[in-house]
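Novice: I would like the atomic coordinates for the input below:
(chains A and B)
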Amino acid sequence: MSLMQELGQRALDRGVPLSVQLDVTYRCNERCVHCYLDHDDHGEMTTAEIRGVLDQLAEAGVFFLTLSGGEVFMRMDFFDIVEHARSLMFCVKIKTNAFMIREKEAQRLRDLAVQDVQVSIYSHRPEVHDAITLLPGSLKRTVAGIRLLRSHGVKVVVANVLMMRNLSDHAGVRELATELGAEYTIDPTITPMMDGDRAVLQLGLGVPQLRDVFRNSDLVGDVNEFCAPPPAVSDDVLQEFPCSAGHTACYISPYGDLFPCVQFPLPSGNVRRQKFIDIWRHSEQLNEVRSITARDLPVCSRCDHVGTCTRCPGLAYLEGNMRGPSSQDCEKSFARTGIPSANMHLKKTWPPHGLVQIAIPLPESAALRS
Amino acid sequence: MSPVYVARATEVAARSLDGEMMIMSGRNSTLFTLNPVGTLIWQSADGKTPLAEIVERKICTEFEVDPVEALRDAESFVNDLASHGILVVSGAPINSIKPIHGGAT
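Specialist: Now for the predicted structure:
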């Protein structure tokens, strides 16, 4: 067990919220085609309110604090927030599109010793990236912002969300990240809108594309290991919790609403009206989330993939049942291993349409149909 | 022997978990955890109190240790933390120290 896993386990045992993501605004200068947020301001927390929340989070034992949005630099007081967070000795991570980062901002982020800055890049080609952000010139400005951050020694992580329209560009983004001296991560998950609208999901990858991604050793490392069939399900596996959401992590919106995770919009309280620690300890919703083990999942507990699936309870919730399957993760498990999930059998959605729409060399095709 | 002063570095992230400090180095993102003795020294490292006084007043009263040996171990410990950039060691008092917050215990 790594030190990080050990700390996670200790926090879980003691009910400590080790990680919190706080979105300071939903406003944004970009209009990414796949974004799950409503960018209007419906009454964001004030600077004083956010400072008060940060005080409470520190007191509750939160260590990892992710400040995100929207675009964080849309808030004129963003550095006041970061400064206060660092004075409370949080390990601060920031998500931004870096469009508004100039010399002064890069220097200040360095001086405040933020842990890292995560920046989304969709393509190394401006015509593709800018067509996703819907902001002309955004790739140029984003890359310039990253260069400034790196020149000041700030650690940068380039996050590459994969969709159909930028699928062929991940190698280019990876090369760009390397050239910039940034880390590179890839994410093939498109999230439904927070109000449940699932229209954006059509932008995401289908099973055939996921299958190609999962068989690319540059992206997943050891393909045989990554795509291995799931091991037999043990009793231990059925006693496990789905993820850290609500257990050692939670999410707070710009309006003070507290959810188990940014991808799990189950209203669990509001820090404008309640103390954070009271919500964390006594929220009926969080306690319900905490009560669910793999054994309690009516479909997934009977699935071969239950021990290895990336099932997101938040995506399941957005599908209508936090104890139900997350179809997107069913597709990922299937794309990885070629073995359909229990949910796919149940819904008779296997084989997915995508499989019969592309040409696959015969032996592989035969294997997938078996 | 001249007094040794110790102060928490400003670039680190730190929080108490279950009575022990977890500290992330701002220099290279290395994560450290301190045992109860180390945690006591870290929490007392205000830049103003000499290390010998911290050992005498905090360590020797909390733990059954030989004072001379405890000070020797403490000096080795703070120098080790200083080499990782998470503690500042000086022969003179140090300013600009952040308070330690929270942490469920």
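
Novice: what's the distance between the residue in chain B that chain A sits nearest to and A:Ala232?
Specialist: Using C-beta to the nearest C-beta, the single residue of chain B nearest to chain A is B:Ala13, 3.5 Å away. For every residue, glycine as well, the C-beta is placed using N, CA and C. Distance of B:Ala13 to A:Ala232, computed by C-beta to C-beta, to the nearest Å: 41 Å.

Novice: these two: who's more crowded?
Specialist: More neighbours surround B:Ala13 than the other of B:Ala13 and A:Ala232, with 25 against 8 (other C-beta atoms under 10 Å in any protein chain shown).

Novice: what segments of the stretch 101-250 of chain A are helices?
Specialist: Using DSSP state H, counting those that start in this stretch, the helices found in the stretch 101-250 of chain A span residues A:103-111, A:126-133, A:138-151, A:170-180, A:207-214, A:217-220, A:223-226, A:235-238.

Novice: whoops, chain B was the one
Specialist: All helices of chain B, identified by DSSP state H, fall at B:36-44, B:51-54, B:60-62, B:67-83.

Novice: the second one - contacts with which helices or strands?
Specialist: The one in question is helix B:51-54. Packing contacts for helix B:51-54, counted by 3 or more C-beta pairs under 8 Å, 6 or more residues apart in numbering or on different chains; DSSP states H and E, involve strand B:5-8, helix B:36-44, helix B:67-83.

Novice: with the first one instead?
Specialist: Helix B:36-44 sits against strand B:13-17, strand B:20-24, helix B:51-54, helix B:67-83, with contacts defined as 3+ C-beta pairs under 8 Å, 6+ apart.

Novice: A:His129 is nearest to which of the helices of chain B?
Specialist: helix B:67-83 (42.5 Å; C-beta to C-beta).

Novice: so how far is the closest one from its chain's centroid?
Specialist: Distance of helix B:67-83 from the chain centroid (C-alpha atoms, centre = their mean, to the nearest Å) equals 9 Å.

Novice: buried set for that helix?
Specialist: In terms of neighbour count (16 or more other C-beta atoms under 10 Å in any protein chain shown), helix B:67-83 has its buried residues at B:70-71, B:73-75, B:77-78, B:81-82.

Novice: same question for stretch A:60-80.
Specialist: Residues of stretch A:60-80 classed as buried: A:60-75, A:78-79 (neighbour count, 16+ other C-beta under 10 Å).

Novice: just send the helices of the stretch 101-250 of chain A back as JSON lines, with mean pLDDT too.
Specialist: What follows is those, written out as JSON lines (pLDDT from 0 to 100):
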{"stretch": "helix A:103-111", "mean pLDDT": "96"}
{"stretch": "helix A:126-133", "mean pLDDT": "98"}
{"stretch": "helix A:138-151", "mean pLDDT": "98"}
{"stretch": "helix A:170-180", "mean pLDDT": "97"}
{"stretch": "helix A:207-214", "mean pLDDT": "95"}
{"stretch": "helix A:217-220", "mean pLDDT": "93"}
{"stretch": "helix A:223-226", "mean pLDDT": "95"}
{"stretch": "helix A:235-238", "mean pLDDT": "90"}
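
Novice: in the chain, which helix or strand is least confident?
Specialist: No chain specified, so I'll use chain A. Least confident helix or strand, chain A: helix A:362-369 with a mean of 37, by mean pLDDT, DSSP states H and E.

Novice: try again with chain B
Specialist: Sorted by mean pLDDT, DSSP H and E, the helices and strands of chain B bottom out at helix B:60-62, which shows a mean of 89.

Novice: who touches that helix?
Specialist: Residues outside helix B:60-62 that contact it (C-beta atoms under 8 Å, 6 or more residues apart in numbering or on different chains) are B:40, B:67, B:70.

Novice: okay, now the unreliable bits of chain A?
Specialist: Applying pLDDT under 70 to chain A picks out residues A:349-370.

Novice: what's the lowest-pLDDT member of the contacts of helix B:60-62?
Specialist: Among the contacts of helix B:60-62, B:Pro67 carries the lowest pLDDT, at 89.

Novice: surely it touches B:Val55?
Specialist: Yes: using C-beta atoms under 8 Å, B:Pro67 makes contact with B:Val55 at a distance of 6.9 Å.

Novice: ok, back up a step: can you narrow the buried residues of stretch A:60-80 to ones near chain B?
Specialist: Restricting the buried residues of stretch A:60-80 to those adjacent to chain B (criterion: C-beta under 8 Å from any C-beta of the partner chain) gives A:60-63.

Novice: tell me the centre residue of chain B?
Specialist: With distances taken as C-alpha atoms, centre = their mean, B:Trp42 lies nearest the centre of chain B, 2.4 Å away.

Novice: show me what contacts that one?
Specialist: B:Trp42 touches B:8, B:14, B:21, B:23, B:34, B:81, B:87, counting by C-beta under 8 Å, 6+ apart.

Novice: distance check, it against A:Ala11.
Specialist: 19 Å.

Novice: swap in A:Leu67?
Specialist: Between A:Leu67 and A:Ala11 the computed distance is 20 Å (C-beta to C-beta).

Novice: ok, now A:Glu49?
Specialist: Where A:Ala11 is concerned, A:Glu49 sits at a distance of 26 Å (C-beta to C-beta).

Novice: without its sequence neighbours, what residue ends up closest to A:Asn29?
Specialist: Excluding the flanking residues, the one nearest A:Asn29 by C-beta to C-beta, 6 or more residues apart in numbering or on different chains is A:Glu71, at 5.4 Å.

Novice: do A:Val173 as well
Specialist: Take A:Val173 and drop its neighbours on the chain: the residue closest to it by C-beta to C-beta, 6+ apart is A:Asn160, 4.7 Å away.

Novice: what's across from that neighbour in the sheet?
Specialist: A:Ile186 (DSSP bridges).

Novice: residue contacts, it?
Specialist: A:120-122, A:170, A:173-174, A:177, A:184-187.

Novice: which of those residues lies closest to chain B?
Specialist: Proximity of these to chain B (C-beta to the nearest C-beta) peaks at A:Thr185, which lies at 15.2 Å.

Novice: thought the closest one was touching A:Val161?
Specialist: No: A:Thr185 lies out of contact with A:Val161 (C-beta under 8 Å); the separation is 9.7 Å.

Novice: these two: who's more crowded?
Specialist: A:Val161 (20 against 14).

Novice: pull the contacting residues for the more buried one.
Specialist: Contact analysis of A:Val161 by C-beta under 8 Å, 6+ apart lists A:34, A:120, A:122, A:187-190.

Novice: now swap in A:Asn270 and tell me
Specialist: By C-beta under 8 Å, 6+ apart, the contact list for A:Asn270 reads A:255-258, A:279.

Novice: would JSON lines of the residues you listed with secondary structure be doable?
Specialist: Formatted as JSON lines, those follow (DSSP: H, G, I helix; E, B strand; the rest coil):
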{"residue": "A:Tyr255", "secondary structure": "coil"}
{"residue": "A:Gly256", "secondary structure": "coil"}
{"residue": "A:Asp257", "secondary structure": "strand"}
{"residue": "A:Leu258", "secondary structure": "strand"}
{"residue": "A:Ile279", "secondary structure": "helix"}
